[in-house]
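1. Okay, predicted coordinates and the sequence, questions at the end:
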Amino acid sequence: MTTGTRSPRRTAPSATAGGSELAGTPRLLRLAARRDRFLLPIWVVALGLVVLASVASIAGLYGTEAERVQYAVAVAPSVIARAFEGPIFGTSLGAILMTETFGMLSVLVGIMSVQAVVRHTRLEEETGRAELVGAAVVGRHAPLTAALLLAFGASLAVGAVTVVVLLAYGLPAGGALLAGLLLMGVGWGFAGVAAIPAQVAGSARGANGLAGAAIGLAYFLRAVGDALGEVAPSGVAVTSAWPSWLSPIGWGQQGQAFAGDRWWVLGLFAAAVVTTVALAFTLTRHRDVGSGMRPVGAGPASASAALRSPLGLAWRLQRGSVLGWSAGLVLAAGAFGAIGEEVDAFLETSEELVDLFAQLGDSEELVDLFIVFLMALLAVAVGAFAVQGVLRLRGEEVSGRAEPLLATAVARPRWIASHLTVVALASLGMLLAAGLAGGTAYGLATGEWGSRFGDWVVAAVVALPAVLALGALAAAAVGLLPRRSVAIGWGAVGVSLVLGQLGALLDLPQWVLNVSPFTHVPAVPSEELRWLPLLVLLAAAAGLSAAGLVAFRRRDLRA
Amino acid sequence: MTASAIHVAGLTKAFGPVTALDRFDLDVTVGEVHGFLGPNGAGKSTTIRVLLGLLRRDRGEVVVLGGDPWDDAVALHRRLAYVPGEVHLWPNLTGGEAIDLLGELRGGLDQRRRAELVERFGLDPTRRCSTYSKGNRQKVAIISAFASRVELYLLDEPTSGLDPLMDTVFQACVREVTAEGGTVLLSSHVLAEVEALGDRVTIIRDGRTVESGTLAELRHLTRTSIAVETLRPLDGLADLAGLHDVAVDGVHARFEVEPEALGAVQRWLADREVVALTSSPPTLQQLFLRHYGERLTDAEVADAPEDVS
């Protein structure tokens, strides 16, 4: 806080490039870099470790050319593998690494970029710090430019670390450099994309939500494009369909590092960055500091009966986020449910793929495994919502909005419980909606309803205890370690995502996989529904929530 | 002995290495407006947050409306209303919704009074809180507090964003609630506000009580400013006891005089045939400034009166 308000003032006199719309940018960049001096290096190191772990595991799993060809032959024709992981372009170690990990790395780099841009633009405006800064000798575009440069720098660092790791593993220099540049390009592209909602949205939360949706859309577009693609005559490579080319993540994969090495794809990123940044600058010129593009309309003069309770307020505050996440989940589950039709047809064509997916569960039925695989991914997404929803408590506390509320006759446990209730019910609703959407789309595509429809719903809802456990961990952190709660909550989501997506690939020991609550969710419908792990997860969720509640009752507010 | 609304004795609260409150004392009796004065960072907000049970005290005795603010928080919060110094509201709620929400959670609003206050403060309750200025956000908290019929009002620099006109409305509201038997703890660094409303005053500095008493008692500690013109030269004025900041220019002089010395100075001046004399009554401002001043010059700390009783 102190640095946020003091430093700009200190820097003001030296920012002398008067008249320029970029005046003061270097100082603001240094301020932003100082404020993120722990956060961004952690991102860079963590992403570097993911690259390192991935390349090590792939080198171990597919050490010989024969093994890699076998893998490529299995993956190239698989609609599901193409949709969830990415297109394959060759049988080299690097090419397989790109197929397996580039999509997820892109999403993570995208989140890092988007959050950095919004954090240093819109969030600054909301806290009022931007006003203080804006009154100094600081150009109109300086805050956005500084935020973009910071995000660019972080992506550059991620790219550089990637190149170093890949070179250290003895991969070809050209491919390694291109892979690093492509990953950097994705980060730059999403930083530019985030600059637009940072101007248009009504709030920082809204800006983060819109930019996050853009990342999801980018992943989705390339999944569709890759799923619709065709297998090359070689049998070990894929030509993606056009939707992949609408997505920055798609561009990164189409750069074909370690295979075709299409350097010109980097030009697409450059064009995207220039276009989005130019658009954002234009928007900046047309809006007031602190407000979005849309005027804020009038509302009710008095509170409805539904709002007049902690629970009503919690729902009101979480409503937008619940609806946004639900829409995304329903869309994703529906889309994948619809392509699930091809699973049956595909089952007959590839024995290798059956073996590959059979690792996920006991069932011989590929559709079962597909449902398990998809729902595991969506469940982690619901877990991310739950953590975000619970951390809202900390946000309310830090922003000072909890103070007047807790100065009324609302007991602290009741306040915490109100948000936990909303998050828990919304999580259940989302899982149900995802299951229903997947089952419906699958039924429409295949004409198969009956028990199969039930499988979709059960596979989704069975993850609820794991989602609750993840949210409850965030609640415990809010009570016990408030200052670290955001890092702990999102860290847990990241660990769950990485273990879920890369766990099998990295061949991690079971005790490591067991760290993620999602590991313990029975792989319904490919396995039997076992109640014990679910009850244990529920007990953990209850215990963690209670710990958070008790600790919050005992500590100072805004500690 | 009148009933006590707030009793604080030896309250200590530290945030890590920083001691925010250091053996702080405060007594507020039922039905009074108690001014709570102190420079920025003196510990006013920390005190009020302890009184609300938002912060946990390290040591000391704290009784609010007969209860313990930490253990009996919810029961006490039904009987009190709080206006924070910095009001943060939910950006997507309207002002009217926020007023109702906070009032309802406190245990209910007087709807007629709410409507009347919205009118008097000139607040548009249909606007989103994100579009409110600081003063308007302050109004939301003030209206919500005064529309609740409670026994105790804890107001933390409540007028910091209000214009003078709204200040007047606010002062009227404070008089109304005290006329109905309410008790008000009014933290402020606006001295005029406290002088206009306060029955008694506690001054806090660096987390300690430095003065406490009625306004009359505290004025007693302050000096009267005098500007005088005489026929005969005023040589020797500066040598009188109890005078401060003396500026003599022949037959003109300006100085400040302690209450005890007033009589002597008057007699001394009478001998020199007064032509014109203006005397400004002592204000809290001076007392306050002296306490600010003491932070700068340690020399003066020694003569500062430590106790008023």
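-> Perfect, thanks for sending it. The model shown is predicted, which means the values in this text are computed figures rather than measured ones.
2. State the number of residues packed around residue B:243.
-> Residues near residue B:243, counting by other C-beta atoms under 10 Å in any protein chain shown, number 20. All C-beta spots, glycine's among them, are computed from the backbone N, C-alpha and C.
3. Would you agree it is in contact with residue B:262?
-> No. Taking C-beta atoms under 8 Å as the definition, residue B:243 is not a contact partner of residue B:262, at 10.4 Å.
4. Can you tell me the SS state at the residue in the stretch 451-559 of chain A positioned nearest to chain B?
-> Closest to chain B within the stretch 451-559 of chain A is residue A:557: 4.2 Å, counting by C-beta to the nearest C-beta. What DSSP: H, G, I helix; E, B strand; the rest coil gives for residue A:557 is coil.
5. For residue 190, which non-adjacent residue is spatially closest?
-> By default, I'm working from chain A. Leaving aside its sequence neighbours, residue A:190 sits nearest to residue A:110 (C-beta to C-beta, 6 or more residues apart in numbering or on different chains; 4.0 Å).
6. That was the other one, I meant chain B.
-> residue B:159 (6.6 Å).
7. any idea how far that neighbour is from chain A?
-> According to C-beta to the nearest C-beta, to the nearest Å, residue B:159 stands 17 Å off from chain A.
8. For that residue, the count of nearby residues, please.
-> 22.
9. do you know how far it is from residue B:139?
-> Residue B:159 sits 10 Å away from residue B:139, going by C-beta to C-beta, to the nearest Å.
10. Check the contact lists of the two and give me the overlap.
-> residue B:166 (C-beta atoms under 8 Å, 6 or more residues apart in numbering or on different chains).
11. measure the residue of chain B most remote from its centre to residue A:163 for me?
-> Computed with C-alpha atoms, centre = their mean, the residue of chain B farthest from its C-alpha average is residue B:232, at 43.6 Å. To residue A:163, residue B:232 is 94 Å away according to C-beta to C-beta.
12. Could you do residue B:51 as well?
-> 59 Å.
13. neighbour count winner among those two?
-> The neighbour comparison of residue B:51 against residue A:163 (other C-beta under 10 Å) goes to residue B:51, with 27 against 22.
14. Please verify my assumption that that one contacts residue B:154.
-> Yes. Between residue B:51 and residue B:154 there is a contact at 6.1 Å, judged by C-beta under 8 Å.
15. quick one: contacts for residue A:90?
-> Residue A:90 is in contact with A:72, A:236, A:237, A:256, A:258, A:259, A:260, counting by C-beta under 8 Å, 6+ apart.
16. where does it land in three-state SS?
-> coil.
17. what pLDDT does it get?
-> If you check residue A:90, the pLDDT there is 91.
18. and what of residue A:100?
-> For residue A:100, the pLDDT comes out at 87.
19. Would you tell me what the next helix or strand after the helix or strand encompassing it is?
-> Using DSSP states H and E, residue A:100 maps to helix A:93-120. Using DSSP H and E, the helix or strand that directly follows helix A:93-120 along the chain is helix A:122-127.
20. For that following helix, output the C-alpha coordinates as CSV.
-> Output in CSV follows, covering the C-alpha atoms of helix A:122-127 (Å, rounded to 0.1, in the frame of the first residue of the first chain):
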residue,chain,number,x,y,z
ARG,A,122,-8.0,-1.3,-13.8
LEU,A,123,-7.3,-2.5,-10.3
GLU,A,124,-5.1,0.5,-9.7
GLU,A,125,-8.0,2.7,-10.8
GLU,A,126,-10.4,1.0,-8.5
THR,A,127,-8.2,1.5,-5.5
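21. How about the helix or strand just after that helix and chain B, any contact?
-> Of the helices and strands lying after helix A:122-127 in sequence (DSSP H and E), the nearest is helix A:129-134. No. In terms of C-beta under 8 Å from any C-beta of the partner chain, no part of helix A:129-134 sits within range of chain B; the closest distance is 11.5 Å.
22. quick one, the helix or strand following helix A:129-134 and helix A:93-120 angle?
-> Going down the chain from helix A:129-134, the next helix or strand is helix A:142-168, by DSSP H and E. Helix A:142-168 and helix A:93-120 meet at an angle of 160 degrees, taking axes from the mean of the first three to the mean of the last three C-alpha atoms, to 10 degrees as the criterion.
23. So for helix A:142-168, mean pLDDT?
-> The pLDDT scores in helix A:142-168 average 95.
24. Show me what the helix or strand just after it packs onto, helices and strands only.
-> Next in sequence after helix A:142-168, counting helices and strands by DSSP H and E, comes helix A:173-195. When contacts are defined as 3 or more C-beta pairs under 8 Å, 6 or more residues apart in numbering or on different chains; DSSP states H and E, helix A:173-195 packs onto helix A:93-120, helix A:142-168, helix A:204-227, helix A:248-254, helix A:265-285.
25. So which other helices or strands are in contact with the helix or strand just after helix A:173-195?
-> Remark: after helix A:173-195, the chain's next helix or strand is helix A:197-200, criterion DSSP H and E. If you count contacts as 3+ C-beta pairs under 8 Å, 6+ apart, helix A:197-200 packs onto helix A:93-120, helix A:204-227, helix A:265-285.
26. And for residue A:460, the neighbour number?
-> Quick note: residue A:460 (other C-beta under 10 Å) scores 29 neighbours.
27. any idea which element it lies in?
-> Here residue A:460 is assigned to helix A:450-461, by DSSP H and E.
28. So which bits of that helix are buried?
-> Across helix A:450-461, burial judged by 16 or more other C-beta atoms under 10 Å in any protein chain shown covers A:452, A:453, A:455, A:456, A:457, A:458, A:459, A:460, A:461.
29. How about stretch A:398-413?
-> Under 16+ other C-beta under 10 Å, the buried positions of stretch A:398-413 are A:398-410, A:412-413.
30. Contacts for that stretch next, please.
-> Here stretch A:398-413 has contacts from A:310, A:313, A:393, A:396, A:415, A:549, A:552-553, A:557-558, B:49, B:52, B:54, B:73-75, B:77-78, B:80, B:82, B:84, B:86-90, B:102, B:105-107, B:141, B:154, using C-beta under 8 Å, 6+ apart.
31. in the stretch 301-450 of chain A, which ranges drop under the pLDDT threshold?
-> A:341-364 (pLDDT under 70).
32. Could you rerun that using 50?
-> A:349 (pLDDT under 50).
33. Tell me which stretches of the stretch 1-150 of chain B form helices.
-> Secondary structure of the stretch 1-150 of chain B, counting by DSSP state H, counting those that start in this stretch: helices at B:44-51, B:73-77, B:95-106, B:111-121, B:134-146.
34. swap in the stretch 201-309 of chain B?
-> B:215-220, B:262-270, B:284-296, B:298-301.
35. Compare those helices and say which comes out lowest on pLDDT.
-> Looking at those, the lowest mean pLDDT belongs to helix B:298-301 (a mean of 40).
36. Now the phi/psi pair for residue A:202, please.
-> As for residue A:202, its main-chain torsions (degrees, to the nearest 10) stand at phi -80, psi -20.
37. do the same with residue B:92
-> Main-chain dihedrals, residue B:92, degrees, to the nearest 10: phi -100, psi 0.
38. Just give the nearest non-adjacent residue to it, would you?
-> The spatially closest residue to residue B:92, leaving aside those adjacent along the chain, is residue B:128, at 6.3 Å (C-beta to C-beta, 6+ apart).
39. and the longest helix for the chain?
-> Answering for chain A, as no chain was given. helix A:412-446 (DSSP state H).
40. Oops, wrong one, chain B.
-> helix B:164-179.
41. Can you name the residues in contact with that one?
-> Helix B:164-179 is contacted from outside by B:31-33, B:117, B:120-122, B:135, B:139, B:142, B:146, B:153, B:155, B:158-159, B:162, B:184, B:186, B:193, B:196-197, using C-beta under 8 Å, 6+ apart.
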